[in-house]
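Novice: Here is my input, please return the structure:
(chains A, B and C)
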Amino acid sequence: MKLKEVLEFLADKIDGVEVGDGFCDDFEILGIESPKLAQSGYITFLEKDKYIIDIQNTNASMIIAREIHKEILPKNRIVVISKNPYLIMAYLTKIFAKPLFSSTISPSISTSAVIKNNVTIGNGSKIGDNTLIMSGVVIGENVEIGDNCIIYPNVCIYNDTKICSSVAIHANSVIGGDGFGYAHTASGEHIKIYHNGVVIIEDDVEIGSNVSVDRAVFGETRIKKGVKIDNLVQIAHNCVLGEYSIIVSQVGLSGSTSTGRNVVLGGQAGSVGHLHIGEFSQIGAKSGITKDVKPFSKMAGYPLLPLQDWLKTHAITRKLLKSK
Amino acid sequence: MKLKEVLEFLADKIDGVEVGDGFCDDFEILGIESPKLAQSGYITFLEKDKYIIDIQNTNASMIIAREIHKEILPKNRIVVISKNPYLIMAYLTKIFAKPLFSSTISPSISTSAVIKNNVTIGNGSKIGDNTLIMSGVVIGENVEIGDNCIIYPNVCIYNDTKICSSVAIHANSVIGGDGFGYAHTASGEHIKIYHNGVVIIEDDVEIGSNVSVDRAVFGETRIKKGVKIDNLVQIAHNCVLGEYSIIVSQVGLSGSTSTGRNVVLGGQAGSVGHLHIGEFSQIGAKSGITKDVKPFSKMAGYPLLPLQDWLKTHAITRKLLKSK
Amino acid sequence: MKLKEVLEFLADKIDGVEVGDGFCDDFEILGIESPKLAQSGYITFLEKDKYIIDIQNTNASMIIAREIHKEILPKNRIVVISKNPYLIMAYLTKIFAKPLFSSTISPSISTSAVIKNNVTIGNGSKIGDNTLIMSGVVIGENVEIGDNCIIYPNVCIYNDTKICSSVAIHANSVIGGDGFGYAHTASGEHIKIYHNGVVIIEDDVEIGSNVSVDRAVFGETRIKKGVKIDNLVQIAHNCVLGEYSIIVSQVGLSGSTSTGRNVVLGGQAGSVGHLHIGEFSQIGAKSGITKDVKPFSKMAGYPLLPLQDWLKTHAITRKLLKSK
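Specialist: All right, here's what the predicted structure looks like:
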C-alpha cells in the first residue's frame, strides 16, 4: 500500500504526521511489525516505555508514537503522532490484513497422503507424505502440513499455519484462530487488532481435542518439538512452548507466555501472559502464574508460591480452623 | 395443544387440578413461560417464594404451584397442584418443545453472501448481505444472520438463533445449544428441561473458537453490541452480557448471569448465576463470583473480594508463612 | 503377534528376558492389559509396588518388571526386565494399536434412523432405531449407537465407542479421543501410550457441547445411566461416572477418577485422578479434589475442605483483613 493511501486512511484518526526526508507519496508500506522485527517499509509503534530502546534501534520506516516521545525517536522516519498509538496500530492492522481467500495456486498433496471425505483444503496449501486428513477437516490457504501427521475429524486450521512432521491434532481443535486483542476508543468501543502472524507447530507434537491455539498478532505462536497438549487447552497469540513441555487439560495461557523445555503445567492452571516459565519447571494444577518462574522450580497456588510454601498454607489453614 | 391433552399428560404426575371458569377442554395452551413473560394461554409455575409477587401479577392461564400457595394465586386460572412444580414444568417443556425439523420454507440467502462448501443451512433461515459462511458450518432452522458477518468453519448454530450484523464467530463454536437444566425426581433421576428460548447476538460481537453459548429456557440469552468473547468460554442459558463487555478465555458464566456495559471478566473466572455484575466492573482472572457486583468495582479472588483486599490476603499469607 | 516378533521389537529397549517353560517362538501375544484384566496371551507390567498383589495373581503370559521384583513374580511366565517398565509398556502399545481404518463391514443403520447430510459413518458401526445423526457428524469404525439418540452437528465419535439408548450429545463434542498418557525417556522425550480401550455411554446420558471424553488406556471409560454433563467438560481416560451424576460446565476430571451415583460436581472443579468420590457427594464450584471423598459429603475449596470449614475460612480471611 502506498504511503499516500496509508496517510489518507489515518488522516482523521491522528494528531499529526512528520514525513522524514526521502519518503515520496508512492513509498510502499508493507505491513506492521513489532519494533524489533520491523524492517524498512514497515510500520511500528511505541506504546510502553519499556520498548523505547527497541524503538531507538528499529528499522521501521513509520513509527506511531505520542507527542512526548517525538524527540527520542530515530531520525528520518515517518512519524505519526497520536495520544493512543495502540489504537492507531489497531486501525492499521485491518487495512493490512490478508484476505481470507486470495491464493489461486491449487493445493499440493503428496500422493501418499490420505484425504478422507468432506475435507476442505485451501489454495496454496501443502500436505506431506503419509499424512492422514480425516473427515470434516477444514484447512485454510497457504497451510503447510508435513509428513506422517494425523489430523482428526473436524479440526480447523486457519490460513498460513505451518505444521511440521509426525504431528497429531485431535478432533475439533482449532489452530491459528485470531488472537484476542483489541484497542479501546475513548468511548469504550473495542477496535479489533487483526492478527497477521502465524502458528508454527514443530515435529512430534500431539494436541488433544477441543484445543484452541491462536495465531500471533505479528510474528509467530510456536509449539516446539515434542510438546504434548491435552484437551480443552487455550494457547493465546504469540505464546512459545519449549521442547517436550506438557500442558494438561484446561490450562489457559495468555498472550506471549513462553516456556523453556520440559515444563509441566498442571490441569486448569493459567498464566497472565508476557512472562517466561523456566525450563524443567513444574506448575501445580489450578495455579495462577503472574510473573516469571525460574528454571527447575516447583510452584503451585494463586498467587503462585514455591510448592513447599503452598503446602504449608494448607497446614496454616487447618490450624486457623481449629483455633477459631 | 388442547387443555384436555395437557391435563391427560399430567394426570398421573400431579396431586390435583382446579380449572377456573370459562376454560373449556379445547382451550389452546400455547407454551410455558416465566411468570412475568407469560401471556394468556401460557403455563407458568411458582417454585420459589421470591416469585410470589410475579405470580400474583401473571397473565398466565395455567399455574403450577404447591398446595400451600393455592390461596394466594390469582383468580380464574387453571391451577395444577404438585409438591414439585419445577418437576411438572420440566415434564411439560418436553411436550411443548419445537421439533428440530419442522420448517418447509427454503432458506433465504442474499446474493452477495458467500457460502463455502459442505455448509448446511436449515429451512426458514436467512443469511444477510456480504456475510461469509465458511466450510462445514451447520445452521439450524429459522436462524437469522445479518450483514457482513463471518462464520468460521465447523461452527454450529442451533435453531431460532438471531445474529445481527458485523458479527464474527470463530471455528468450532456452538451457539444456541440446550441449557443445562434438569428437575429431579424423588428417586434421583434428572428430567430434562427442554430449552425453548433463543440466543440473540447483537452487532459487532466477536466470539472466539470452541465457545459454547446456550439458548434460554424461556425468553433469551443475549450478547449485546460490541461484546468480545475469547476462546473456550461458557455462556449458560439466559445470560445477558452488556454492551462492549470483554470475556477472557475459559470464563464460565452460570445461568441467568447478567452484566452491565463494559464489564471485563478475567480468564478462568466463573459465576454462580442469577446475579448481576455492574457496568464497568473488572473481575480478576480465576475469580469466583457468587453475588451481585456493584458498578465500577474492581474485584478478585474466590470468594470475591475488592481487589485491594485480595492483594492484602497475599501479604497476609506471606506473613503467616514466615511466622510458622 | 508372535512372541518372536515382540521380543525382536523389544531387543534394544530392555535389560533382559526370561522365557518360562512351554512358550514357543510362535506363541501368540494378543495385547496389553492391566494386571487384573490380563488373560493368558496378554502382556502386563509392574510399575508401582501397590500392584504387587495384582501381579502375583495375574493371568498374563508376559510380565514387564524391574530386576528387583523378579523373585516375587508368578512362575512360568515370559519375564521382561527393564529399569522402566512403564516406558516398555508405552513402546508396546504402539505395535498393538488397532489401525484407524481396518473394518470392511458396511455400517448397519436402522431404517428408522435419520442420517442428515455430510455425515461419515465408519465400517462396522451400527446405528439404532429412531436415532438422529445430524450434519457433519463423524463416526469412526465399530461404533455402536443405540435407539432414540440424538447426535448433534459436528460431533466426532472415535472408533469402538459404545453409546446406549436415549443419549444426546451436543454439537462439537468429542467422544473417545486418545487419553493423555506418555512415558518418559531418560532424555526427557515423551513416548505416547496408545489408548486401546474404549468409551461406553449408558442410557439416558446427555452431554453438552465442546465436551471431551477420552477413551481408556486399557478397559473402558464409562458414563453410567442418567449422567448429565454440561459444556466444555474434560473426562479423561478410564474415568467412571456413577448413575445420575451431574457434571457442571468446565469441570476437568483426570484419569481414573470415579464417582458413586448422584454425585454433583460444581463448575470448573477438577480432580487429580485415581480417586473415588462417594455417592451423593456434592463438590463446590472451582474445587480441587486431591483425594477420595466419602459418600454424602459436601465439600469445597482447594485444598478440598468440608463445606462448613471452607465457609469458615472466608470468615477467617475477613477477620485477618480487618486486623491487618
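Novice: Tell me the residues of chain A that contact chain C?
Specialist: Contact residues (Cβ under 8 Å from any Cβ of the partner chain) of chain A with chain C: A:116-118, A:132, A:134-136, A:150, A:152-154, A:168, A:170-172, A:206, A:208-210, A:226, A:228, A:230-232, A:244, A:246, A:248-250, A:261-262, A:267-268, A:285-286, A:314, A:317, A:320-321, A:324. C-betas here are computed from N, CA, C, even on glycine.
Novice: cutoff 6 Å now
Specialist: By Cβ under 6 Å from any Cβ of the partner chain, the residues of chain A that approach chain C are A:117-118, A:135-136, A:153-154, A:170-172, A:209-210, A:226, A:228, A:230-232, A:244, A:249-250, A:262, A:267-268, A:286, A:314, A:320-321.
Novice: if I pick the closest residue to residue A:288 other than its chain neighbours, what's in contact with it?
Specialist: In space, and not counting its chain neighbours, residue A:288 is closest to residue A:302: 3.1 Å by Cβ to Cβ, 6 or more residues apart in numbering or on different chains. By Cβ atoms under 6 Å, 6 or more residues apart in numbering or on different chains, the contact set of residue A:302 is A:287-288, B:286.
Novice: Please apply the same query to residue A:181.
Specialist: A:193, A:217.
Novice: Report the separation between it and residue C:137.
Specialist: Relative to residue C:137, residue A:181 is positioned 34 Å away (Cβ to Cβ, to the nearest Å).
Novice: The helix ranked longest in chain A near chain B at all?
Specialist: The longest helix of chain A (DSSP state H) is helix A:307-323. Yes - using Cβ under 6 Å from any Cβ, helix A:307-323 reaches chain B at A:309, A:312, A:316.
Novice: Pull up the gap between the last one and residue B:319, please.
Specialist: As judged by Cβ to Cβ, residue A:316 and residue B:319 stand 10 Å apart.
Novice: Comparing the two, which residue is more hemmed in?
Specialist: More neighbours surround residue A:316 than the other of residue A:316 and residue B:319, with 15 against 12 (other Cβ atoms under 10 Å in any protein chain shown).
Novice: What helix or strand is residue A:94 located in?
Specialist: Counting by DSSP states H and E, the element that carries residue A:94 is helix A:85-96.
Novice: starting at the chain centroid, how far to that helix?
Specialist: Distance, stretch centre to chain centre, for helix A:85-96: 17 Å (Cα atoms, centre = their mean, to the nearest Å).
Novice: then that helix to PDB, C-alphas only?
Specialist: What follows is helix A:85-96, C-alpha atoms only, in PDB (Å, rounded to 0.1, in the frame of the first residue of the first chain):
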ATOM      1  CA  PRO A  85      -0.600   4.700  19.400                       C
ATOM      2  CA  TYR A  86      -2.000   1.200  20.200                       C
ATOM      3  CA  LEU A  87      -5.400   2.300  18.800                       C
ATOM      4  CA  ILE A  88      -3.900   3.700  15.600                       C
ATOM      5  CA  MET A  89      -2.000   0.400  15.200                       C
ATOM      6  CA  ALA A  90      -5.300  -1.500  15.600                       C
ATOM      7  CA  TYR A  91      -6.900   0.600  12.900                       C
ATOM      8  CA  LEU A  92      -4.000  -0.200  10.600                       C
ATOM      9  CA  THR A  93      -4.000  -3.900  11.200                       C
ATOM     10  CA  LYS A  94      -7.300  -4.000   9.400                       C
ATOM     11  CA  ILE A  95      -6.100  -2.500   6.100                       C
ATOM     12  CA  PHE A  96      -3.000  -4.800   6.100                       C
END
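Novice: Can you tell me which helices and strands it packs against?
Specialist: Contacts defined by 3 or more Cβ pairs under 6 Å, 6 or more residues apart in numbering or on different chains; DSSP states H and E place helix A:85-96 against strand A:31-32, strand A:62-65, strand A:182-184.
Novice: partners of the shortest one in the sheet?
Specialist: Within its sheet, strand A:31-32 is paired with strand A:42-45 (parallel), according to DSSP bridges.
Novice: Following the chain onward from the strand it pairs with, which element is next?
Specialist: Scanning forward in sequence from strand A:42-45 by DSSP H and E, the next helix or strand is helix A:52-56.
Novice: Touching that next one from outside, list them.
Specialist: In contact with helix A:52-56 (Cβ under 6 Å, 6+ apart) are residues A:35-36, A:46, A:74.
Novice: Would you mark the buried spots in it?
Specialist: Judged by neighbour count using 16 or more other Cβ atoms under 10 Å in any protein chain shown, the buried positions of helix A:52-56 are residue A:55.
Novice: how far is it from where the chain is centred?
Specialist: Centre-to-centre, helix A:52-56 and its host chain are 22 Å apart (Cα atoms, centre = their mean).
Novice: Show me which pair in the contacts of helix A:52-56 is furthest apart.
Specialist: Within these, A:36 and A:74 form the most distant pair, 13.5 Å apart (Cβ to Cβ).
Novice: which ones are touching the closest residue to chain C within the stretch 1-150 of chain A?
Specialist: Using Cβ to the nearest Cβ, residue A:135 is the residue of the stretch 1-150 of chain A that sits closest to chain C, at 4.1 Å. Applying Cβ under 6 Å, 6+ apart, we find residue A:135 in contact with A:116-118, A:153, C:120, C:138.
Novice: Dump these to JSON lines, plus distance to residue B:91.
Specialist: Listed next are the contacts of residue A:135 as JSON lines, based on distance: Cβ to Cβ, whole Å:
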{"residue": "A:116", "distance to residue B:91": "43"}
{"residue": "A:117", "distance to residue B:91": "41"}
{"residue": "A:118", "distance to residue B:91": "39"}
{"residue": "A:153", "distance to residue B:91": "36"}
{"residue": "C:120", "distance to residue B:91": "36"}
{"residue": "C:138", "distance to residue B:91": "34"}
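Novice: filter those down to the ones near chain B?
Specialist: Filtering the contacts of residue A:135 for neighbours of chain B using Cβ under 6 Å from any Cβ leaves residue A:118.
Novice: So which of the contacts of residue A:135 is surrounded by the most neighbours?
Specialist: Neighbour counts for the contacts of residue A:135 (other Cβ under 10 Å) peak at residue A:153, which has 29 neighbours.
Novice: phi, psi of the closest residue to that one other than its chain neighbours?
Specialist: The spatial neighbour of residue A:153 that comes closest, neighbours along the chain excluded (Cβ to Cβ, 6+ apart), is residue C:138 at 3.7 Å. Per-residue torsions, residue C:138: phi -120, psi 120 (degrees, to the nearest 10).
Novice: so residue C:138 makes contact with residue A:136?
Specialist: Yes - with contact defined as Cβ atoms under 6 Å, residue C:138 reaches residue A:136; the gap is 5.2 Å.
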